[in-house]
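Peer 1: Predicted model follows, preceded by the sequence.
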Amino acid sequence: MRADPLHYLSDELESLKQQGLYRQLRVLDGEQLPHATFDRRSVVNLSSNNYLGLTTHPRLRQAALEATERYGVGSGAVRTIAGTMELHMELERRLATFKNVEAVVVFQSGFTANAGTVSALLNKEDVIISDALNHASIIDGCRLSRAAIKVFAHKDVDAARKILQDLPAAQRKLLITDGVFSMEGDLGPLPALCDLAEEFGAIMMVDDAHASGVFGRQGRGTIDHFGCHGRVDVQVGTLSKAMGVLGGYVAGSRSFIDFLYHRARPFLFSTSHPPGVAAACLAALDVLESEPRWMEQLWENTRFFKAGLADLGFNTGRSESPITPVIVGEAERAMEMSDRLFQRGVFAQGIGFPTVARAEARLRTIVTATHSREDLQFALDTLGQVGRELGVV
Ligand SMILES: *Cc1c(COP(=O)(O)O)cnc(C)c1O
């Protein structure tokens, strides 16, 4: 018998275990709810991106069921061959109106939207100027493009300016930031970055995955929140977080979106959404427009929970969104805290290197519109207890 050529992977996994970074998948039994059952334990769920509770909203369920009845479970092909359904086109038109742009293209996920767009837009002659904490899918898109990547310190507009100043005027460049940073919960400095992009003739790109349904009028995102309409050339959003379903999209000018139809590889070479997914996304837009109470409740819960964490004395960084990190230091401590919380009925995922810096391992908490006050108070009380036991507060 030949030796297992994948043997080296066991060593890698062993090293993850030694660093306290090895993770078992938590398995959800039933629906993705603010109080849910994972690994047979009933917990207050502070780990989903289901900001508005739309994963189980009756209008979305109904839309998915009806579309599945009428059109079947799959689209049968990639968009550019036989897999474009009227539902896909309708979703793109609706999103374009929602985002106040000429056109939108929908991808299978936010990840493929970013990776496919950046790699299509640039090539090895070009330069990307990217925030140090931008999402992994942006980083992969940058690498796939083979452009030079210049990273500026998180939110440091002056540092970005210095990079831009040193580049030739004729150089094609892309300035790129997250709208809401997924591990910190803070916002990209959009107005100042738009100023820079205009001054230096850079393409301006914002990934608004955590902002759609959370910031701006009716959840239009950080571009709307900051009043930057018309100043961001490439906007990326996701349908997988607050929208409660699955997918990503890119918003911009008509010719830019036409270009992506021809050059974005995940669009060209990977099958389009099942009709039930597209229909549920359309219903999610209906809900955003007609049921403002979910966003209001999300922000009310966010204020309550953040105030509670501050009273307990936790280091919560500089969050400005419903994502609130509880920063505890080394990864082992974060994982220990997460485990103890889980045993006592609170699910807050521990996050360590390489997702965040080594000394800034944390629990990431996300409140949603559908958490009850009792759930949030119970989570705060339990966080306080475990935090004191481990000397975090
Ligand atoms: C979650 C996330 C994505 C990926 O979105 P999916 O639809 O889950 O693939 C992209 N960018 C950022 C900033 C994200 O937080």
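Peer 2: Received the coordinates, thanks. Numbers count the residues shown, from 1 in each chain.

Peer 1: and this structure, which residues reach the ligand?
Peer 2: Applying Cβ under 6 Å from any ligand atom, one finds that the chain approaches the ligand through 109-111, 114, 135, 137, 178, 182, 207, 209-210, 238, 240, 248. C-betas here are computed from N, CA, C, even on glycine.

Peer 1: can you pick the most crowded of those?
Peer 2: Most neighbours among the residues of the chain next to the ligand, by other Cβ atoms under 10 Å: D207, with 33 neighbours.

Peer 1: Let me know whether that one touches D131 as I believe.
Peer 2: No - D207 lies out of contact with D131 (Cβ atoms under 8 Å); the separation is 9.8 Å.

Peer 1: Spit out the residues that contact those two alike.
Peer 2: Counting by Cβ atoms under 8 Å, 6 or more residues apart in numbering, the shared contacts of D207 and D131 are 176-178.

Peer 1: who's in contact with D208?
Peer 2: D208 neighbours (Cβ under 8 Å, 6+ apart): 178-180, 221-223, 235-237.

Peer 1: For PyMOL, what selects the buried ones among the residues you listed?
Peer 2: Buried members of those, defined by 16 or more other Cβ atoms under 10 Å, are picked up in PyMOL with:
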select buried, resi 178+179+180+221+222+223+235+236+237
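
Peer 1: quick check, nearest of the contacts of D208 to the ligand?
Peer 2: Distance to the ligand, by Cβ to the nearest ligand atom, is smallest for D178 among the contacts of D208, at 4.7 Å.

Peer 1: what sits opposite that closest one in the beta ladder?
Peer 2: D178 has these beta-bridge partners by DSSP bridges: D207.

Peer 1: Tell me if I'm right that it and A136 touch.
Peer 2: No - the criterion here is Cβ under 8 Å, and D178 misses it with A136 at 11.0 Å.

Peer 1: which one of the shared contacts of D207 and D131 sits closest to G308?
Peer 2: D178 (26.1 Å; Cβ to Cβ).

Peer 1: which residues in the stretch 251-393 of the chain form helices?
Peer 2: For the stretch 251-393 of the chain, the helices defined by DSSP state H, counting those that start in this stretch occupy 254-263, 265-269, 275-290, 293-312, 331-343, 373-389.

Peer 1: winner for burial among these?
Peer 2: Compared across the helices of the stretch 251-393 of the chain, helix 275-290 shows the largest average neighbour count, a mean of 22 (mean count of other Cβ atoms under 10 Å).

Peer 1: isn't R40 right up against R26?
Peer 2: No - if you go by Cβ under 8 Å, R40 and R26 don't touch, sitting 10.7 Å apart.

Peer 1: Which of the two has more residues huddled nearby?
Peer 2: The residue with more neighbours, out of R40 and R26, is R26; 15 against 7, by other Cβ under 10 Å.

Peer 1: re earlier: let me have the residues of the chain next to the ligand in JSON lines, adding pLDDT as columns.
Peer 2: Formatted as JSON lines, these follow (pLDDT from 0 to 100):
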{"residue": "S109", "pLDDT": "98"}
{"residue": "G110", "pLDDT": "97"}
{"residue": "F111", "pLDDT": "97"}
{"residue": "N114", "pLDDT": "97"}
{"residue": "H135", "pLDDT": "95"}
{"residue": "S137", "pLDDT": "96"}
{"residue": "D178", "pLDDT": "98"}
{"residue": "S182", "pLDDT": "94"}
{"residue": "D207", "pLDDT": "98"}
{"residue": "A209", "pLDDT": "97"}
{"residue": "H210", "pLDDT": "97"}
{"residue": "T238", "pLDDT": "98"}
{"residue": "S240", "pLDDT": "98"}
{"residue": "G248", "pLDDT": "98"}
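
Peer 1: Narrow these to those in strands?
Peer 2: 178, 207, 238, 248 (DSSP state E).

Peer 1: Quick check: buried residues in stretch 96-103?
Peer 2: For stretch 96-103, by 16+ other Cβ under 10 Å, it's 96, 98-99, 101, 103.

Peer 1: Please identify which pair of those residues lies farthest apart.
Peer 2: F98 and A103 (12.3 Å).

Peer 1: can you list residues touching both of the two?
Peer 2: Counting by Cβ under 8 Å, 6+ apart, nothing touches both F98 and A103.

Peer 1: Identify the bridge partners of H35.
Peer 2: Under the criterion used (DSSP bridges), H35 bridges to V44.

Peer 1: Please list all residues in contact with it.
Peer 2: Per Cβ under 8 Å, 6+ apart, neighbours of H35: 42-45, 371-372, 375.

Peer 1: And it, how far from the ligand?
Peer 2: In this view, H35 and the ligand are 23 Å apart by Cβ to the nearest ligand atom, to the nearest Å.

Peer 1: pLDDT wise, what is that residue at?
Peer 2: You'll see H35 listed with a pLDDT of 96.

Peer 1: Equivalent analysis for L16, please.
Peer 2: On the pLDDT scale, L16 gets 88.

Peer 1: Quickly find the element holding the residue nearest to it when sequence neighbours are not counted.
Peer 2: Once flanking residues are discounted, L16 sits nearest to Y22: 4.4 Å by Cβ to Cβ, 6 or more residues apart in numbering. Y22 belongs to no helix or strand when assigned by DSSP states H and E.

Peer 1: Next: L196.
Peer 2: Here L196 is assigned to helix 190-200, by DSSP H and E.

Peer 1: any chance of the helices of the stretch 251-393 of the chain in CSV, plus mean pLDDT?
Peer 2: Output for the helices of the stretch 251-393 of the chain, formatted as CSV (pLDDT from 0 to 100):
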stretch, mean pLDDT
helix 254-263, 98
helix 265-269, 97
helix 275-290, 98
helix 293-312, 98
helix 331-343, 94
helix 373-389, 98
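
Peer 1: what would the ones you listed look like in a markdown table with distance to P354?
Peer 2: Converted to a markdown table, the helices of the stretch 251-393 of the chain look like this (distance: least, Cβ to Cβ, whole Å):
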| stretch | distance to P354 |
| --- | --- |
| helix 254-263 | 30 |
| helix 265-269 | 24 |
| helix 275-290 | 31 |
| helix 293-312 | 25 |
| helix 331-343 | 10 |
| helix 373-389 | 25 |
